[in-house]
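In: Please work out how this folds:
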Amino acid sequence: MKNLWIISILLIACKTEPKTEAGTLNVTDPKYETYDYSGFTKEEIYSFHQHLYKGGSWYKQGGDRNRFYFLNFSEIDKHSLIRRSDTPKILEETPRNDVKNFITAAGLDPGEGQPLNEYIQQAEVDGLIIIHKGKIVFEGYPRMFPTDFHVNFSVTKIYVSTSIAILEDMDLIDTKLPIDNYLEDLKGSGWEGVPIVDILAMSSGIASDGQLVNASFEPIKDLAAAKSVKPSGTQYEYMGANTAILTLLVEEISGLTFSNFLEQEIWRKIGSEYNGLMRKADNGRDATSSVGMSSTLRDLARFGLAFTPSGRKKANPIISNDHLAKIRNVNENLREKSWYSEEMKHAGYQWDEIYADGDFYKGGHAGQGLYISTSRDLVIAFYGTYNTDLQEHQLPAISRQLAKSGLFDPE
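Out: Down below sits the predicted model:
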C-alpha cells in the first residue's frame with residue numbers, strides 16, 4: 001500500500017500544467033490578468049502528499065498547503081461529478097480600467113487605499129471576477145489558473161437553497177410549512193414544527209452540534225437527535241445541520257441525489273463551461289455543508305448571473321421573480337450588524353448578508369464569496385485562501401464598497 005501511495009504521488013507530481021477539458025470553449029486572446037502564476041512545483045506537490053501520508057491535514061493550514069487542497073481536493077477526497085452544459089454560456093470580456101484601479105476605502109487593514117488590481121496580488125486572493133450587465137469588466141488570477149477547480153466551501157449552501165426555491169416554483173414545497181411535514185422521521189424531534197423558511201434563514205433554534213452533519217450512514221436519524229434550544233425564527237445561528245436537513249429535503253422531494261438534482265436543474269442550465277465536483281462525506285452523502293462544490297471561477301460567476309437581469313432574459317429563468325422576492329422578504333428578528341461594514345443586514349435563504357438596497361452576499365471558509373446586486377446587474381465572485389496566520393482577504397467588504405461606489409449604478 002505504501003509503495004502504491006508513493007507511485008501515485010510521483011504521477012501527480014508530473015502534472016504541472018493547468019487543467020483543461022476537451023470540448024470546452026476555445027478562448028482566444030483572453031483579457032484576464034494572470035500575474036505570471038506558474039502553479040505548484042513538483043517538489044511542492046510531493047511535499048504536500050507526503051504531509052498527508054504522514055497523517056497531516058489541510059485543515060487549519062494557511063498559505064500553500066491550504067491552497068493546494070483547495071485546488072486539488074479531488075486528488076484527495078471522494079466526490080461526485082456534476083456534468084457541464086452542452087451549450088456553455090459565452091462571457092464577453094470588456095475590461096474596465098476604472099474597476100481595475102478602484103481604490104479600496106479607508107478602514108481595511110491591510111488593504112486601505114490600494115488599487116483593486118494591486119490589492120488582490122498582495123492579499124491571499126486566488127481569483128476574482130466582476131461581471132456587469134452580463135460582461136466581464138475585471139478578471140484576475142493571482143494564485144490559480146483560470147481553468148482550475150477551486151472548492152466553494154459554504155458558498156455551496158446557496159446551491160441548496162436555490163434547489164429548494166426551484167421545488168417551490170414547481171409547487172412541490174411550501175416553505176411556510178414545518179420541515180416534518182415532508183421529512184416524517186423528524187416528528188417528535190427538535191425539528192418538529194420548525195418552518196422550512198426558518199431553516200433557510202439559519203434560525204431553526206436547534207442546538208449547534210457539528211457531529212450532526214456527517215456522523216453516520218443514516219443522517220436523518222442523527223439529525224433527528226438534535227435538541228431545540230429556542231423558538232425558531234428568533235435568532236440567527238450559523239449551523240451546517242440546517243443545510244444538511246435542506247439537502248435531504250431536496251432529495252426526498254425530487255427522488256434524486258442532490259448532485260443529480262443540481263446537475264439537472266441548475267448546473268447544466270446556467271451554461272456551465274466545465275464539470276463541477278461535489279465532495280462526498282464519510283457517510284457517502286454529498287457534503288453540501290462543508291467542503292461542498294468545486295468549480296472554476298467563471299462557472300461560479302455563471303451561477304451568480306442567473307440572479308441578475310442579464311442572466312434572466314430568457315423564458316423560464318432558473319431564478320424566478322418569486323425566488324428573488326423571497327430572498328428579500330427578510331425576518332426582522334434576524335437583523336444584525338454586517339460582518340463587513342457598519343450597516344445592518346439580514347440573513348435568509350442561506351445567504352449570509354441581505355442589505356437594505358436588495359443586494360445579497362454569501363461567503364465560504366477561508367475566502368470564497370459570491371456577491372449579487374440585481375439592481376446594478378452586478379456579479380462579484382472570488383476564491384481565496386487563509387494566509388499563514390489563518391487570516392483571509394477582505395474582498396467581502398471590498399465587494400460591498402464596489403457595489404456602492406457608483407461605478408455600476410444604472411444609467
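In: so where's the chain shaky on pLDDT?
Out: Applying pLDDT under 70 to the chain picks out residues 1-28, 209-217.
In: tell me, what residue is most central in it?
Out: residue 155 (2.1 Å; Cα atoms, centre = their mean).
In: you'd agree residue 235 is up against residue 333?
Out: Yes: Residue 235 is in contact with residue 333 according to Cβ atoms under 8 Å; the separation is 7.3 Å. C-beta coordinates here come from the backbone N, C-alpha and C atoms, glycine included.
In: Give me the common contacts of the two.
Out: With contacts taken as Cβ atoms under 8 Å, 6 or more residues apart in numbering, residue 235 and residue 333 have residue 203 as neighbours in common.
In: okay, now the closest residue to the residue nearest to the centre of the chain other than its chain neighbours: neighbour count?
Out: Distances taken as Cβ to Cβ, 6 or more residues apart in numbering put residue 364 closest to residue 155, at 4.2 Å, once the chain neighbours are dropped. Applying other Cβ atoms under 10 Å, we find 23 residues neighbouring residue 364.
In: next one: residue 85
Out: 18.
In: A helix includes it, no?
Out: No: with DSSP: H, G, I helix; E, B strand; the rest coil as the criterion, residue 85 is located in coil rather than a helix.
In: Thought residue 274 was touching it, still the case?
Out: No: judged on Cβ under 8 Å, residue 85 makes no contact with residue 274 at a distance of 9.4 Å.
In: Tell me the first helix or strand C-terminal of the strand or helix carrying residue 163.
Out: Assigned by DSSP states H and E, residue 163 belongs to helix 157-169. Using DSSP H and E, the helix or strand that directly follows helix 157-169 along the chain is helix 196-200.
In: neighbouring contacts of that following helix?
Out: By Cβ under 8 Å, 6+ apart, helix 196-200 touches 161, 164, 173-179, 182, 204-205, 232-233, 242, 245-246, 249, 331, 348-350.
In: relative to helix 157-169, how tilted is the helix of greatest length in the chain?
Out: Secondary structure of the chain per DSSP state H: the longest helix is helix 240-254. Orientation check (axes from the mean of the first three to the mean of the last three Cα atoms, to 10 degrees): helix 240-254 against helix 157-169 gives 40 degrees.
In: CA atoms of helix 240-254 as CSV?
Out: Extracted C-alpha coordinates of helix 240-254, given in CSV (Å, rounded to 0.1, in the frame of the first residue of the first chain):
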residue,chain,number,x,y,z
GLY,A,240,-24.3,23.2,8.9
ALA,A,241,-27.1,21.0,10.2
ASN,A,242,-29.6,23.4,8.6
THR,A,243,-28.1,22.9,5.2
ALA,A,244,-27.9,19.1,5.7
ILE,A,245,-31.6,19.0,6.5
LEU,A,246,-32.4,21.1,3.4
THR,A,247,-30.3,18.8,1.3
LEU,A,248,-32.2,15.7,2.5
LEU,A,249,-35.4,17.6,1.7
VAL,A,250,-34.3,18.2,-1.9
GLU,A,251,-33.5,14.5,-2.2
GLU,A,252,-36.8,13.4,-0.6
ILE,A,253,-39.0,15.6,-2.8
SER,A,254,-37.1,15.2,-6.1
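In: what's the spacing between that helix and its chain's center?
Out: A distance of 17 Å separates the centroid of the chain from that of helix 240-254, by Cα atoms, centre = their mean, to the nearest Å.
In: do stretch 282-292 as well
Out: 14 Å.
In: Ok, stretch 231-243 next?
Out: Per Cα atoms, centre = their mean, the displacement of stretch 231-243 from the mean C-alpha position of its chain is 19 Å.
In: ok, and what's touching it?
Out: By Cβ under 8 Å, 6+ apart, the list of residues contacting stretch 231-243 from outside reads 156-157, 160, 193-195, 197-206, 208-210, 212-213, 223, 226, 288-290, 331, 333-334, 336, 347, 350, 352.
In: Now list the buried members of those residues.
Out: 156-157, 160, 193-195, 197-206, 209, 212-213, 223, 226, 288-290, 331, 334, 347, 350, 352 (16 or more other Cβ atoms under 10 Å).
In: Helices of the chain, start to end?
Out: 2-13, 42-53, 64-72, 97-100, 116-122, 157-169, 196-200, 211-214, 219-224, 240-254, 258-262, 297-305, 321-328, 395-403.
In: Present these as CSV; the columns should include distance to residue 132.
Out: As requested, the helices of the chain are arranged in CSV below (distance: least, Cβ to Cβ, whole Å):
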stretch, distance to residue 132
helix 2-13, 39
helix 42-53, 36
helix 64-72, 27
helix 97-100, 8
helix 116-122, 14
helix 157-169, 21
helix 196-200, 28
helix 211-214, 37
helix 219-224, 41
helix 240-254, 30
helix 258-262, 27
helix 297-305, 11
helix 321-328, 18
helix 395-403, 10
